[in-house]
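Enquirer: return atomic coordinates for the entry below.
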Amino acid sequence: MKTLLTSALIAATLSGAAFAASAVPGINPGDVQLALSAGVEPGAYSRSELLNILEAKRNNEDASYFLSGANRASASGNANAGAAQLALTAGVEPGAYSVPELLQIIEAKRDGDTDRLSFVLSGAHRTTANPAEAVTPGEATLAAVIGVNPADYTLAELIALQPQSDD
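Expert: Now for the predicted structure:
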């Protein structure tokens, strides 16, 4: 009973201190608590940055990317805000990865899947054959009907070369 009362008093004191510290207009009391937990000045970092700083510290990683503000300076003007926010959450430079790649990075980090993380970060999955140069089974069939090499013609050309029916 005494431990429960002590815990409740500590929680009330901490939340009261954070609430009192949030007298600055525009700073959410929760953000103040996050900032204090991260050991930084309340209001100096966004909620996303605070969460990234805390996660980096929890994982014994370097949080200097967010602490230095480098994440802000590298945000490109053409990247949309959602993708930029995902990039910050993933801990990578905005504009360097597509939204699906960012989601894979975040998920791989969350799951501790270093192989998948390395694969996505390397960009190796981007080096695929040009789909325009690949012969599809349909193109091969059309080419076989008229007796030509399917790689020498586009799909539209193969269709145009097909014999016309005499209806």
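
Enquirer: shaky segments in the chain?
Expert: By pLDDT under 70, the weakly predicted segments of the chain are 1-26, 73-79, 127-133, 166-167.

Enquirer: nearest residue to the middle of it?
Expert: L102 (2.4 Å; CA atoms, centre = their mean).

Enquirer: from what I can see it touches A90, true?
Expert: Yes: using CB atoms under 8 Å, L102 is in contact with A90, at 5.0 Å. Yep, even glycine has a C-beta here, placed from its N, CA and C like the rest.

Enquirer: ok, now which ones touch the residue nearest to the centre of the chain?
Expert: Contacts for L102 (CB atoms under 8 Å, 6 or more residues apart in numbering) come out as A83, L86, A87, T89, A90, V92.

Enquirer: reformat the residues you listed as a markdown table; add neighbour count and distance to I159.
Expert: Formatted as a markdown table, the contacts of L102 follow (neighbours: other CB atoms under 10 Å; distance: CB to CB, whole Å):
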| residue | neighbour count | distance to I159 |
| --- | --- | --- |
| A83 | 18 | 38 |
| L86 | 22 | 41 |
| A87 | 25 | 43 |
| T89 | 18 | 47 |
| A90 | 24 | 44 |
| V92 | 20 | 44 |
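
Enquirer: between these, which is nearest V40?
Expert: T89 (17.8 Å; CB to CB).

Enquirer: which SSE is the closest one in?
Expert: Secondary structure assignment for T89, by DSSP states H and E: helix 81-90.

Enquirer: which strands or helices does that helix pack on?
Expert: helix 47-58, helix 99-111 (3 or more CB pairs under 8 Å, 6 or more residues apart in numbering; DSSP states H and E).

Enquirer: just the C-alpha atoms of it, please, in PDB.
Expert: Extracted C-alpha coordinates of helix 81-90, given in PDB (Å, rounded to 0.1, in the frame of the first residue of the first chain):
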ATOM      1  CA  ALA A  81       5.500  16.500 -46.000                       C
ATOM      2  CA  GLY A  82       4.300  12.900 -45.400                       C
ATOM      3  CA  ALA A  83       7.300  11.300 -47.000                       C
ATOM      4  CA  ALA A  84       9.600  13.800 -45.200                       C
ATOM      5  CA  GLN A  85       8.000  12.800 -41.900                       C
ATOM      6  CA  LEU A  86       8.400   9.100 -42.700                       C
ATOM      7  CA  ALA A  87      12.000   9.700 -43.600                       C
ATOM      8  CA  LEU A  88      12.600  11.400 -40.200                       C
ATOM      9  CA  THR A  89      10.900   8.500 -38.500                       C
ATOM     10  CA  ALA A  90      13.000   6.000 -40.400                       C
END
